[in-house]
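K.L.:
Fold the following and give me the result.
(one chain, ligands or ions: 1)
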Amino acid sequence: MFRLRFTALVEAPLTVAFDVARALGRPWPFPLEEVVSVRPEHDVFTAPFGARGRVAHSRRFTPTGAGTRVDEQVEWESGLPGAVGAVVDRVVLRPRVARAMRAHLDALAAGAALRAREVVQVVGAALVEGDRVLVAQRTGGPYDGCWEFPGGKVDPGESDLAALVRECAEELGVAVAPQSFLGEVPLDGVVAGGAPGASTMRVWWARITDGRPVAQEHAELRWVGAADLDALDWIPADRPLLPAVRAVLAAR
Ligand SMILES: Nc1nc2c([nH]c(=O)n2[C@H]2C[C@H](O)[C@@H](COP(=O)(O)OP(=O)(O)OP(=O)(O)O)O2)c(=O)[nH]1
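P.N.:
Alright, predicted model coming up:
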């Protein structure tokens, strides 16, 4: 079995990169059968290749603060015996796989960047002080009374981190310095609009550099320790982020 690995950073939310990759298909002239799909994290496709060979193509999508990292892996064997097989696998197929994959990843990056322009991106800030994090209670709308991280929609042309700083100033009256990226979760589109899963929220933990938070748009603000995070009535999308928040609090 021969194997090649490829990595690309795609400037698009997790779900957009995943959907565009699926729409593009795979760069092989024969159909592959899906054997694993964990949306939107990874998928695996395989196909018989000639009489005795096999090709397997797997992809993993990882959220980062700069977009979605796409790790693709292709494994193949022609199944031809002896020296002939080795020559076909190494000398004939390997450069073809590499060429096809490079074109495929370029198309994926271009397609996803284009689609990402139509998406409403949301950013959130886990503001940490000592061993506690600031949580905010929404008021009005479908998630009335639910807890969330301060934040909101990124304006057209605005960077995620600029939006994070602006939203914290507007909603809490504080200046913040974003630290590291905590994760990205798909949104249901209930408030921000769009199809379920088209938009995502990206969350960074941040420090307050100036001011004391005062609720300008929320019903209530609370400083919460790691042990009390689970009991809050969170917006459903936020729960998968809690382990990353707890890890930051534990490191303080
Ligand atoms: N701020 C924030 N929004 C969240 C969280 N979790 C979650 O699903 N959302 C959703 C709720 C909304 O659909 C969307 C954010 O929209 P929003 O209405 O708060 O954004 P915004 O402050 O920019 O609002 P607006 O100016 O359009 O009124 O993201 C979270 O932890 N924080």
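K.L.:
what comes into contact with the helix or strand bottoming out on mean pLDDT in the chain?
P.N.:
Here the helix or strand of the chain ranked lowest by mean pLDDT, DSSP states H and E is helix 82-87, holding a mean of 91. Helix 82-87 is touched from outside by Glu77, Ser78, Gly79, with contacts defined as Cβ atoms under 8 Å, 6 or more residues apart in numbering. (C-beta placed from N, C-alpha, C; glycine too.)
K.L.:
correct me, but the second one touches Asp89?
P.N.:
Going back to what we said before, that points to Ser78. Yes - with contact defined as Cβ atoms under 8 Å, Ser78 counts as touching Asp89 (5.3 Å).
K.L.:
higher neighbour count, the two?
P.N.:
Legend: neighbour count by other Cβ atoms under 10 Å for Ser78 and Asp89, higher for Ser78 (22 against 19).
K.L.:
Ramachandran angles for that one?
P.N.:
phi -70, psi -20 (degrees, to the nearest 10).
K.L.:
pLDDT score assigned to it?
P.N.:
The model reports Ser78 with a pLDDT of 90.
K.L.:
and this protein, which residues reach the ligand?
P.N.:
122, 124, 148-149, 151-153, 187, 190-192, 201, 235, 237-238 (Cβ under 6 Å from any ligand atom).
K.L.:
Least confident of the residues you listed?
P.N.:
Val191 (58).
K.L.:
ok, Leu32 - how many residues close by?
P.N.:
Per other Cβ under 10 Å, the neighbour tally for Leu32 reads 17.
K.L.:
same check, this time on the one 4 residues further on
P.N.:
By the criterion of other Cβ under 10 Å, Val36 has 10 neighbours.
K.L.:
Could you find the closest non-adjacent residue to it?
P.N.:
Using Cβ to Cβ, 6 or more residues apart in numbering and skipping residues adjacent in sequence, the residue nearest Val36 is Val44, 4.0 Å away.
K.L.:
my read: the one you found touches Val35, true?
P.N.:
Yes - counting by Cβ under 8 Å, Val35 is a contact partner of Val44 at 5.2 Å.
K.L.:
higher neighbour count, the two?
P.N.:
Neighbours per residue (other Cβ under 10 Å) separate Val44 from Val35, with Val44 holding more: 17 against 11.
K.L.:
and the closest residue to the ligand within the stretch 1-150 of the chain, how many neighbours does it have?
P.N.:
Closest approach between the stretch 1-150 of the chain and the ligand, counting by Cβ to the nearest ligand atom: Glu148, at 3.3 Å. Glu148: 20 surrounding residues under other Cβ under 10 Å.
K.L.:
Flag the shaky bits of the chain, pLDDT-wise.
P.N.:
Flagging of the chain using pLDDT under 70 yields the residue ranges 189-196.
K.L.:
got the buried residues for the biggest helix by length in the chain?
P.N.:
Criterion DSSP state H: the longest helix present in the chain is helix 94-116. Buried residues in helix 94-116, counted by 16 or more other Cβ atoms under 10 Å: Val97, Met101, His104, Leu105, Leu108, Ala109, Gly111, Ala112, Ala113, Arg115, Ala116.
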